[in-house]
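Trainee: dropping a prediction and its sequence here:
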Amino acid sequence: MSLKVSLTEIENEHFLSKRRSGILLHITSLPSPYGIGDLGPSAYRFADFLSQAKQRFWQILPLNPTDPAFGNSPYHSLSAFAANTLLISPELLFEDGLLEKEELNSWVMPLSSRVYFEPVRKMKESILERAWERYKKKGEDSAFEEFSMKNMIWLDDYALFVALKENFRGKQWSEWPKAFLEKEKGEMEKARRELQGRIEKEKFLQYIFWKQWHGLKTYCNQRGIKIIGDIPIYVIYDSVDVWKNAELFKLGEDKKPKFIAGVPPDYFSKKGQLWGTPVYDWEKLRERGYEWWFQRIEHNLRMYDVLRIDHFRGFVAYWEVQAPAVSAVSGKWAEAPALDFFSRMKAKFNFLPFIAEDLGIITQEVIEVMNRFNFPGMKVLLFAFGKDDPHHPYLPHNYGRNSVVYTGTHDNNTVRGWFRSEAQIEEKKRLFRYLGREVSEEEVHWEFIRLAMMSVSNLAIIPMQDVLGLGEEARMNRPSTKTNNWEWRLFQAEVPAFLIQKLSEMINVYGRA
């Protein structure tokens, strides 16, 4: 299984050179019999739907491991490289001979429109343990060995980190014995020997994920569908990345964060957002040629066709708050070397298929960096009607071609939910005036989709919840809240035929084929 970066799988031109559209739906939101969306048959059926509806992009959220301690958020992971093994398909494990049919049937969970992460996690751990035990009896596997060799730059440390964390009963790495904080060579080698079984199991799980993911991505690419992945700018403190690369972050002598990341007050939160993640020491990163970041980008270019760079403005200037803190309000802006960083990245990779998440407080400096490297930004229609301003940047007539328009994002309410519960009377009046007529709650999502499709933005991305016209019960995330997020699932296995026809017609009418 080759996992090399291959531009033959994607157009050797700017990915926004033509008018296209796509759907935003995270893997966890797919229907499946096992409590959470996965990389199995439902993912392939969804790819078929995209193809039938003439959609050319499938956007997802980060695929990194999630943690109940962080509300199962895909933006808070213990690794910037590893994948979320909860997304491994039991049905594909059965096809590989790693599960028996009776076992497969015994783990089926009731269909639900939400992910219940705790029972799902326990069930998936049982499934994966059974698959691992059966795999060990098969003997050598050259594909597994090849995967381990090609990914050893991150895989060895990640598997050791997971094994150590379990060995130390889930304590964060700063509370481990000093020898492991200092990563003393002798103790590290001893741990690798003593925990070899657990380490090999974790490598196996990552291999299985990559095998299943590579199959799905190939299936999509063969049908003209590109995958848009998502890269969170920061990693959590209790991650293998910070443990192994502590010098690349602003930590104190006690190896605890001196500063933590967030954003000042904005549309999403009147008090700002305090993410709690350590901020980078950009001088150290520059001294080392941004090696860690370039490894991360290269890794993600193997996984996806296009990368959405979360919180892009943090590469120009980032909001840092002195730790410990309870609010982001007391933070300050600190500069980052965006021009040098992206210039070196451009020289290394040549082709940078990036979407810059440029929401929030955006300065002229951020715009200049985006323009210099031809990075498209995001336009969110739900933000367009808050002010009576014909020059509002999110109104469709003000877009440029090199942009990506969304009806909303994973951090917003659905269009219907916004219209029902959030939109003020004046906002609705502005929307009606812009559309040239009044619309009802039942039809407003299609009017937003039409605005996106007819805009000059070369890429329109529609959350699946808006395609289905769902309300706020289908919202994916509420920023600055810690519970009941990331749980929504697509309940029905098949998308109604009339939706396929309606999307296809819009593609034809607005030239996005």
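Mentor: Received the coordinates, thanks.
Trainee: okay, residue 315: pLDDT?
Mentor: In this model, residue 315 is scored at 97, pLDDT.
Trainee: nearest spatial neighbour of it, skipping sequence neighbours?
Mentor: Take residue 315 and drop its neighbours on the chain: the residue closest to it by CB to CB, 6 or more residues apart in numbering is residue 338, 4.6 Å away. To be clear about C-beta, it is placed using only N, CA and C from the backbone, and glycine gets the same treatment.
Trainee: got the contact list for the one you found?
Mentor: 315-316, 365, 369 (CB atoms under 8 Å, 6 or more residues apart in numbering).
Trainee: neighbours of residue 417, how many?
Mentor: The number of residues packed around residue 417, counting by other CB atoms under 10 Å, is 23.
Trainee: got a list of what it touches?
Mentor: Shown in contact with residue 417 (CB under 8 Å, 6+ apart): 470-475.
Trainee: want to throw these into CSV with neighbour count, secondary structure and distance to residue 195?
Mentor: Shown next, in CSV, are those (neighbours: other CB atoms under 10 Å; DSSP: H, G, I helix; E, B strand; the rest coil; distance: CB to CB, whole Å):
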residue, neighbour count, secondary structure, distance to residue 195
470, 21, coil, 45
471, 18, coil, 48
472, 16, helix, 45
473, 12, helix, 44
474, 23, helix, 42
475, 22, coil, 41
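Trainee: got the buried residues for stretch 146-157?
Mentor: Neighbour counts over stretch 146-157 (16 or more other CB atoms under 10 Å) mark 147-148, 151, 154-155, 157 as buried.
Trainee: which one of these is nearest residue 296?
Mentor: The closest of the buried residues of stretch 146-157 to residue 296 turns out to be residue 154 (CB to CB; 8.6 Å).
Trainee: elements contacting the helix or strand harbouring that closest one?
Mentor: Following DSSP states H and E, the helix or strand that holds residue 154 is helix 152-167. Contacting helix 152-167 under the criterion 3 or more CB pairs under 8 Å, 6 or more residues apart in numbering; DSSP states H and E are the following elements: helix 185-194, helix 196-222, helix 240-244, helix 291-303.
Trainee: now the element after the longest one, going C-ward?
Mentor: Once helix 196-222 ends, the next helix or strand along the chain (criterion: DSSP H and E) is strand 226-231.
Trainee: need the residues that contact that following strand.
Mentor: Contacts of strand 226-231 (CB under 8 Å, 6+ apart): 10, 15, 22, 56-63, 74, 217, 220-221, 296-297, 300, 303-310, 355, 461.
Trainee: in helices only, show me these.
Mentor: 217, 220-221, 296-297, 300, 303 (DSSP state H).
Trainee: got those as a markdown table, with pLDDT and distance to residue 486 columns?
Mentor: Shown next, in a markdown table, are these (pLDDT from 0 to 100; distance: CB to CB, whole Å):
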| residue | pLDDT | distance to residue 486 |
| --- | --- | --- |
| 217 | 98 | 22 |
| 220 | 98 | 23 |
| 221 | 98 | 27 |
| 296 | 98 | 22 |
| 297 | 98 | 25 |
| 300 | 98 | 20 |
| 303 | 97 | 20 |
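Trainee: among these, which one sits closest to residue 510?
Mentor: Nearest to residue 510 among the ones in helices among the contacts of strand 226-231, counting by CB to CB, is residue 220 at 22.6 Å.
Trainee: tell me where the protein is predicted with low confidence.
Mentor: Scanning the chain with the threshold set as pLDDT under 70 gives 1-13, 267-268, 493.
Trainee: how about a cut-off of 90?
Mentor: Along the chain, segments meeting pLDDT under 90 span 1-15, 111, 138-141, 264-274, 324-328, 330, 350, 360-361, 479-482, 491-496.
Trainee: returning to that earlier point: so of the contacts of strand 226-231, which ones are in strands?
Mentor: Secondary structure from DSSP state E places 22, 57-59, 306-309, 355, 461 of the contacts of strand 226-231 in strands.
Trainee: quick one on the thing from earlier: of the ones in helices among the contacts of strand 226-231, which is the most crowded?
Mentor: Ranked by neighbour count (other CB under 10 Å), the ones in helices among the contacts of strand 226-231 have residue 220 at the top, with 24 neighbours.
Trainee: hmm, it is touching residue 58, no?
Mentor: Yes - here residue 220 lies in contact with residue 58, judged by CB atoms under 8 Å, at a distance of 6.3 Å.
Trainee: anything in contact with each of those two?
Mentor: 47, 50, 226-227.
Trainee: bridging residues for residue 355?
Mentor: residue 308 (DSSP bridges).
Trainee: does it touch residue 375 like I think?
Mentor: Yes - counting by CB under 8 Å, residue 355 does reach residue 375; the two are 7.2 Å apart.
Trainee: of the helices and strands packed on helix 152-167, which stretch is the most buried?
Mentor: helix 240-244 (a mean of 23; mean count of other CB atoms under 10 Å).
Trainee: give me the contacts around that one.
Mentor: With contact meaning CB under 8 Å, 6+ apart, helix 240-244 is reached by 78-82, 157-158, 161-162, 173, 183, 235-236, 249, 251, 278, 292.
Trainee: if we go to 7 Å?
Mentor: Here helix 240-244 makes contact (CB atoms under 7 Å, 6 or more residues apart in numbering) with 78-80, 157-158, 161, 173, 235, 249, 278.
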